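Participant: next comes the sequence, and after it the predicted model I'd like to discuss.
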Amino acid sequence: MSRSRMSSPETNGSRTSRFPALRRAARREWGPLFTTVRTGLSEHGVRALALTLTAVTLTAAVQVIQNQSWGYGPVQALGAVRAEDPLWLALLRTPLSLFVPALDLPVWGALAQILLVFGIAEVCLGRWRTLAVAYGATLAGTLYARVGIALGPDAFLGLPASDAQVVDTGPSAAVVGLAVYVCHAHRAWFTGSLVVIAMVVEVLVKDNLAGREHLAAIAAVLVVCAVREWRGRRADGQGLRAGGGGTRSGAPPMRS
């Protein structure tokens, strides 16, 4: 028998012990999320992705329009947010800015991100909460740009004045914020940490307004998650106190 076909018992044992461990880790990380998505799609079908499909279609349409000579101006007037704009005008443009992809990046990347992240979020969180988190994350990035420029480049978290003329991130801040929120809601801690680390690395490698706004969106979402976690624990504590001094295990109290 050739050496290539021979394998030691230690090697076989490590293989058999490694893959079940990986499967258990993957089940812990993505099991609840996968179950929720599968159940939602099986019960509601494509209707569960109504918001996601609308967002993908709208983003693709905006991309086509803004690349036309007659369409660039209207898209900029309706959906391009810059820190130099008056605040009221930026707030009016922010909802549509979620669906205005960056001109210097391939649109298929934005469409794939929206389809995946918005789709999972819509099934897991519901349509309106998905939209609220996406808008809140985008708004956090928009407001941070104004604060950072006001602080100046020499201050911590400050931005140069030239960033006031740079268009906001578009759908990417919403995608990042939704990803972190969904990971927290379904306890996918490792995946959520990877998203945060990736955005930090992005800023370290290429420090620009888009990367800073991604971090601002993550920070805003993490604050919301922390508040939800605190309220949940507080409600649990009040429920235990309201139950009196009985046992927590659900077993009947012992009698002498």
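Facilitator: The structure has been received and is ready for your questions.
Participant: and the lowest-mean-pLDDT helix or strand in the chain, what's buried?
Facilitator: Sorting the helices and strands of the chain by mean pLDDT, DSSP states H and E puts helix 9-44 at the bottom, at a mean of 80. For helix 9-44, burial by neighbour count (16 or more other C-beta atoms under 10 Å) applies to 29-30, 33, 36-37, 40. Glycine gets a C-beta too; all of them are placed from N, C-alpha and C.
Participant: which helix or strand lies directly C-terminal to that helix?
Facilitator: The helix or strand immediately downstream of helix 9-44 is helix 50-66, counting by DSSP states H and E.
Participant: what is that following helix packed up against?
Facilitator: Here helix 50-66 touches helix 72-79, helix 107-113, helix 119-125, helix 127-151, going by 3 or more C-beta pairs under 8 Å, 6 or more residues apart in numbering; DSSP states H and E.
Participant: so what does the second one touch, helix or strand wise?
Facilitator: Translated: helix 107-113. The contact analysis (3+ C-beta pairs under 8 Å, 6+ apart) places helix 107-113 against helix 50-66, helix 171-185.
Participant: got the buried residues for stretch 192-211?
Facilitator: Using 16+ other C-beta under 10 Å as the test for burial, stretch 192-211 gives 192, 195-196, 199, 202, 209-211.
Participant: my read: residue 96 touches residue 78, true?
Facilitator: Yes - counting by C-beta atoms under 8 Å, residue 78 is a contact partner of residue 96 at 5.4 Å.
Participant: hmm, back to that, can I get the buried residues of stretch 192-211 in TSV with distance to residue 133 and pLDDT?
Facilitator: Below are the buried residues of stretch 192-211 laid out as TSV (distance: C-beta to C-beta, whole Å; pLDDT from 0 to 100):
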residue	distance to residue 133	pLDDT
192	14	96
195	14	97
196	16	97
199	16	96
202	20	94
209	21	93
210	19	93
211	20	94
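Participant: could you redo those as CSV and give each row secondary structure and distance to residue 68?
Facilitator: Converted to CSV, the buried residues of stretch 192-211 look like this (DSSP: H, G, I helix; E, B strand; the rest coil; distance: C-beta to C-beta, whole Å):
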residue, secondary structure, distance to residue 68
192, helix, 39
195, helix, 34
196, helix, 37
199, helix, 32
202, helix, 31
209, helix, 26
210, helix, 24
211, helix, 29
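Participant: kindly reformat these as JSON lines containing distance to residue 227.
Facilitator: Listed next are those as JSON lines, based on distance: C-beta to C-beta, whole Å:
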{"residue": "192", "distance to residue 227": "17"}
{"residue": "195", "distance to residue 227": "20"}
{"residue": "196", "distance to residue 227": "18"}
{"residue": "199", "distance to residue 227": "21"}
{"residue": "202", "distance to residue 227": "26"}
{"residue": "209", "distance to residue 227": "27"}
{"residue": "210", "distance to residue 227": "27"}
{"residue": "211", "distance to residue 227": "25"}
